[in-house]
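**Q** Requesting a structural model of the entry that follows:
(2 chains)
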Amino acid sequence: MAEVRIPTILRTYTNDQRAVEASGGTVADVIDDLEANYAGIKDRLVEADEVRRFVNIYVDDEDIRFTGGLATAVKDGATVVILPAVAGGAADPVLRAAGTCASTR
Amino acid sequence: MLTIDRATRDAIVAHARRDHPDEACGVVAGPVGSDRPQRFVPMLNAAMSPTFYEFDSGDLLRLYREMDDNDEEPVVVYHSHTATEAYPSRTDINLASEPNAHYVLVSTRDGAEVDGAPIDFRSYRIVDGVVTEEEVTVVDGYADGSTPEQQKAES
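**A** Purely as a prediction, here's the structure:
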């Protein structure tokens, strides 16, 4: 089991719980387990089999973008933190400015 | 309505001016549920861009952990626009993820980056894609229960 910390904006899915338990050997598995209990949450985290551009997920303090993305291993007792990016700015073609080609939605 | 003390308001403006023409960003944390912006936390704009801001992901994690440890929340999330008005862009609206926060925008366009020049300092709620501007009240301090002297923000 891992403890998953849920950000304010996603607590509508978790009955206002700030932290929930989920099981799975990888981040992808943990997210599937979350989805089984809190339907709808997966779509807010994942798009086309990748973590959404403006969602950060950390396993034991490491941003999973640097540790294998959704395939990152989650050990028993691990802490998974989900934080939406704090981002924005004047540009409408924002993603060009951010140097990515993801879509915001 | 956003009520903010003068020193914090001035610190946000100074940060926006310092980073001009890039966008500046940060939060003002406060005790959970207090609606009082108390602890000014300027953040690095990892995008270092005149049209975009984003907190570095490591900084973001540290910030939220610190706030958790202190029983704080981001009462204000601020950033600057450096060539456009102090109004949330489509990007700001799409990415707003703190429904309880006051989103403060400062514009340093048209010479407002110079110390002492008039500067737009405006505040909004952004919830489910809907922007609602709110009044900003600048106070001299939050003296122990006594009514602080209040003054409307020049805007």
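
**Q** can you pull the contacts of B:Arg65?
**A** By CB atoms under 8 Å, 6 or more residues apart in numbering or on different chains, the contact set of B:Arg65 is empty. Where C-beta positions appear, they are placed from N, C-alpha and C, glycine not excepted.

**Q** Revised request: answer the last question for A:Ala85.
**A** By CB under 8 Å, 6+ apart, the contact list for A:Ala85 reads A:53-56, B:54-55, B:57, B:60, B:95, B:97.

**Q** do you know how far it is from B:Pro37?
**A** Between A:Ala85 and B:Pro37 the distance is 21 Å, computed by CB to CB, to the nearest Å.

**Q** same thing with B:Thr82?
**A** To B:Pro37, B:Thr82 is 23 Å away according to CB to CB.

**Q** With B:Leu105 instead?
**A** Computed with CB to CB, the distance linking B:Leu105 and B:Pro37 is 15 Å.

**Q** in chain B, what secondary structure element scores lowest on mean pLDDT?
**A** Using mean pLDDT, DSSP states H and E, the weakest-scoring helix or strand in chain B turns out to be strand B:150-152, at a mean of 39.

**Q** Does chain B have contacts with the lengthiest helix in chain A?
**A** When secondary structure is assigned using DSSP state H, the longest helix within chain A turns out to be helix A:27-37. No: for helix A:27-37, no contact with chain B is found by CB under 8 Å from any CB of the partner chain; the gap never falls below 14.8 Å.

**Q** List the buried residues for that helix?
**A** Neighbour-count burial for helix A:27-37, counted by 16 or more other CB atoms under 10 Å in any protein chain shown, picks out A:27-31, A:33-35.

**Q** who does it touch, helix- and strand-wise?
**A** When contacts are defined as 3 or more CB pairs under 8 Å, 6 or more residues apart in numbering or on different chains; DSSP states H and E, helix A:27-37 packs onto strand A:2-5, strand A:19-22, helix A:41-45.

**Q** hmm, 10 Å instead?
**A** strand A:2-5, strand A:19-22, helix A:41-45, strand A:46-47, strand A:50-51, strand A:55-59, strand A:79-84 (3 or more CB pairs under 10 Å, 6 or more residues apart in numbering or on different chains; DSSP states H and E).

**Q** quick one: strands adjacent to the last one?
**A** When you say that, I think you mean strand A:79-84. Strand A:79-84 pairs in its sheet with strand A:2-5 (parallel), strand A:55-59 (antiparallel), by DSSP bridges.

**Q** Out of those strands, which is the most enclosed?
**A** When neighbours are counted by mean count of other CB atoms under 10 Å in any protein chain shown, the highest per-stretch mean among the strands paired with strand A:79-84 falls to strand A:55-59, a mean of 22.

**Q** Identify the residues contacting whichever helix or strand comes after it?
**A** Following the chain from strand A:55-59 toward its C-terminal end, the next helix or strand by DSSP states H and E is strand A:62-63. Strand A:62-63 is contacted from outside by A:51, A:56-57, A:68, A:72, A:81, A:83, B:56-58, B:60-61, using CB atoms under 10 Å, 6 or more residues apart in numbering or on different chains.

**Q** Perfect, that will be all.
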